[in-house]
Each structure stands twice: as C-alpha cells, then as structure tokens.
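Asker: The sequence isn't on hand, but the structure is:
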C-alpha cells in the first residue's frame, strides 16, 4: 500500500528539526501537503533550523507555523483550520546528556507537548498518528538485538523515561478514543542537515578544526547508526498502514534501525577517512545515562512494510561529509 497515489494533508511537528526537515521533503516529493510546526528553541544552533526552513518554505505545498505545542489554544486553531488527516509528531527535547541538567525541559516538551498533540487528535480525529520514541528506551539491556516486546520499565535517563511515558500515553489514547497511533523507536539517526549535538556532527566539526574529540567508555561502544533516508522511507511506508480493528487497541511500536551495530572506533575511522584528517582522541569513562550498545531487531518492521534500512555506514558518512564540508565552510565565512 502506498500513499503516493492518494494525496494527504499531513501535519509534522518539529518540522525545522533534522528528521522533520527530511520527512517534510519526502512527503512533498510524494505530492502531499505539509503543515509544519516548530518552536525553534535554542537547544542547538537556530540558524541551522532556519536554513532548513528556508529550503522547505520555497516548496509548493508547505506551510509553516512557529508554534509551541503547549500553547494549546493556538494548536487547536491550527488543527481546526487545516484538518490534518495524518500527524507525524517529531518535536521533542532531544539529548540524553542534556536531560541530566535540564530535566524540566524534557517534561515540558516530551510529555506535556505530546499530550497537547494527543488531545488535538482526540478533538480532530486523524487517520494515523505517528510519534517519535527512541532506542534509549531499552536502557542498559545486555540482551541484543532489542525487540519491541522487551520489557522497557527501567530507563537509565530522564530522556528515555519521557519517551516511555509517550508510548504509555499514546496507548491510553488509542484505547480510550480509538486514535490509530504508531510509535517509532529510532536508532542513532545521522546524515546531511543533522543535529550538531550528536557525536558524528561534533566529531566532524572538531576534526576539521584540529581539536580533540571526547570518546566515551574508551571507545568500547557500539551504535546502530541509521541513515536519515532509511528513516523517512520507513515512516512513509508506515503512514499507509495505520493500526486497525484487528487489535483491541489500535496502537503499534516499531524499531527503525540499521540492524547492524558498528564499533565506535570503526565509525571514527570512517569519518576520518572521509574528512581526510586524523582525530586526536581523548579517551574517557562512560557517561551517566549512556549505554554501551544499541542494536535493533527490525523483523517486525520488515514484516509490516516489506522494507528494512539498507544504507551502509560508509555510504551514509560519505553523503554526510559531502554536505558538511561546504556547509561548515559557509558557516565559518559568515562568522568572520
């Protein structure tokens, strides 16, 4: 089943964010109309968010609102005016380590903000609500790969706890009000136009500047790096199959990961090769809230949509650096 032959009016929260930007572009390419919401907060460089938005606003079929989800009156007005048939909720306060020092921001955005979306979908029924969860929800589990049916009641960061709360709230609203909803457990998403707070972006920036990079757990970590185009393709395919009456509660959860964890030091080696520079490494112990390995079992995803992520780390990092090098040069030129 495909959405491409059936144009939809789709609302995306976090549209100026990394995944939101790429998701909006994909849906516009497929002929849909997209209403984008984002509060453009200062968690990372706002100019990058604005640069993404500039590209989106040039496109026919895209409409943007600078909007905080906790302004429920304005959110209600947007839903009333545009009547989205589907909602992709990607807005969130991201980052595991940031949550250690800024806990209230995570509850405000990830819990209360999502509750605002659930209430809007309750008042204005939608065909399908998809929302971002996270691989961090699996905590420090030693059993791999991570499966959706695993117990995830012991998060090791507040960020992960808020994502678990989101899944519980979505299930409740699906149960009470019949909202077809799907949770998306993303695994270390990377690629062009990415987030500067993520390791691969920070590493690239420091390597190019000749600065030392911090490598936690002395590099003994594995991550299931997932390229952005694989993420958006999976989401578009999932949009077309909302949970239905076959289950008592129309709610599903899917891992979206490359299902091929990479050693952190190998990852750094590929990045060094693509940038043409060697990194000076500061080896540090594990940070609080971090986990040694992430590894997605995507058999449920593949069964549902006939697709699994396929982009290799070498190819994905090549595409990232092809974007990053000219972007970083332009950014530095503007600063001078």
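Answerer: Alright, I've got the coordinates. Note that the structure is predicted; figures quoted are calculated from it, not measured.
Asker: Now residue 236: which helix or strand?
Answerer: helix 228-239 (DSSP states H and E).
Asker: Could you look up the SS state of residue 242?
Answerer: coil (DSSP: H, G, I helix; E, B strand; the rest coil).
Asker: Please read the previous query as pertaining to residue 310.
Answerer: coil.
Asker: can you give me the helices for this protein?
Answerer: 18-29, 46-57, 72-82, 103-106, 113-123, 158-177, 199-209, 228-239, 264-275, 299-305, 313-335 (DSSP state H).
Asker: which one of the ones you listed lies closest to residue 246?
Answerer: Checking those against residue 246 by CB to CB gives helix 299-305 as the closest, at 12.2 Å. (Glycine included, C-beta is placed from N, CA and C.)
Asker: Tell me the bridge partners for residue 134.
Answerer: Beta-bridge pairing for residue 134 (DSSP bridges): residue 186.
Asker: since we're on the nearest residue to residue 170 once chain neighbours are set aside, how many residues are nearby?
Answerer: Using CB to CB, 6 or more residues apart in numbering and skipping residues adjacent in sequence, the residue nearest residue 170 is residue 181, 4.6 Å away. By other CB atoms under 10 Å, 27 other residues sit near residue 181.
Asker: Residue 249 is in contact with residue 181, correct?
Answerer: No: using CB atoms under 8 Å, residue 181 is not in contact with residue 249, being 9.4 Å away.
Asker: Mind listing the shared neighbours of the two?
Answerer: The contact sets of residue 181 and residue 249 overlap at 171, 174, 243 (CB atoms under 8 Å, 6 or more residues apart in numbering).
Asker: will you turn the residues you listed into JSON lines that also has distance to residue 87 and neighbour count?
Answerer: Below are the shared contacts of residue 181 and residue 249 laid out as JSON lines (distance: CB to CB, whole Å; neighbours: other CB atoms under 10 Å):
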{"residue": "171", "distance to residue 87": "16", "neighbour count": "17"}
{"residue": "174", "distance to residue 87": "13", "neighbour count": "22"}
{"residue": "243", "distance to residue 87": "14", "neighbour count": "17"}
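Asker: Return the member of those nearest to residue 223.
Answerer: Using CB to CB, those come closest to residue 223 at residue 171, 27.7 Å.
Asker: so how far is residue 248 from that closest one?
Answerer: Distance from residue 171 to residue 248, counting by CB to CB, to the nearest Å: 11 Å.
Asker: swap in residue 334?
Answerer: Separation of residue 334 from residue 248 (CB to CB): 55 Å.
Asker: Buried residues, stretch 240-259. List them.
Answerer: Within stretch 240-259, the residues that qualify as buried are 240, 242-243, 249-259, counting by 16 or more other CB atoms under 10 Å.
Asker: per-residue confidence averaged over it?
Answerer: Across stretch 240-259, the average pLDDT comes to 91.
Asker: Compute the first-to-last residue distance for it.
Answerer: Taking CA to CA, to the nearest Å, the first and last residues of stretch 240-259 lie 23 Å apart.
Asker: With stretch 212-229 instead?
Answerer: Counting by CA to CA, the terminal residues of stretch 212-229 are separated by 30 Å.
Asker: ok, now stretch 56-72?
Answerer: Stretch 56-72 has an end-to-end distance of 25 Å (CA to CA).
Asker: try stretch 275-293
Answerer: One end of stretch 275-293 to the other measures 25 Å (CA to CA).
Asker: Pull out the buried positions in that stretch.
Answerer: 275, 279, 289, 291, 293.
Asker: and what of stretch 305-322?
Answerer: 305, 307-309, 311, 313, 316-317, 319-321.
Asker: what's the answer for stretch 117-125, then?
Answerer: Across stretch 117-125, burial judged by 16+ other CB under 10 Å covers 117-121, 124.
Asker: low pLDDT regions in the chain?
Answerer: 1-5, 245 (pLDDT under 70).
Asker: try 90 this time
Answerer: Counting by pLDDT under 90, the chain has low-confidence residues at 1-6, 94-101, 139-144, 156, 244-248, 286-294, 330-336.
Asker: Can you give me the neighbour number for the nearest residue to residue 206 once chain neighbours are set aside?
Answerer: Closest residue to residue 206 apart from its sequence neighbours, by CB to CB, 6+ apart: residue 213 at 4.9 Å. Burial measure for residue 213: 19 neighbouring residues, criterion other CB under 10 Å.
Asker: related to what we said a few turns ago, need the contact list for the residue nearest to residue 170.
Answerer: Contacts here follow CB under 8 Å, 6+ apart; on that basis residue 181 touches 128-131, 170-171, 173-174, 243, 250-252.
Asker: for residue 282, same thing?
Answerer: The contact partners of residue 282, taken as CB under 8 Å, 6+ apart, are 212-215.
Asker: and if you look at residue 34?
Answerer: 10-12, 15, 24, 27-28, 61-63.
Asker: and it, how far is that from residue 192?
Answerer: Going from residue 34 to residue 192 by CB to CB gives 19 Å.
Asker: what's the answer for residue 264, then?
Answerer: 21 Å.
Asker: Give me the more crowded residue out of these two.
Answerer: The neighbour comparison of residue 264 against residue 192 (other CB under 10 Å) goes to residue 264, with 21 against 18.
Asker: Residue 59: how many residues sit nearby?
Answerer: Neighbours of residue 59 under the rule other CB under 10 Å: 12.
Asker: right, and it touches residue 27 too?
Answerer: No: the criterion here is CB under 8 Å, and residue 59 misses it with residue 27 at 10.4 Å.
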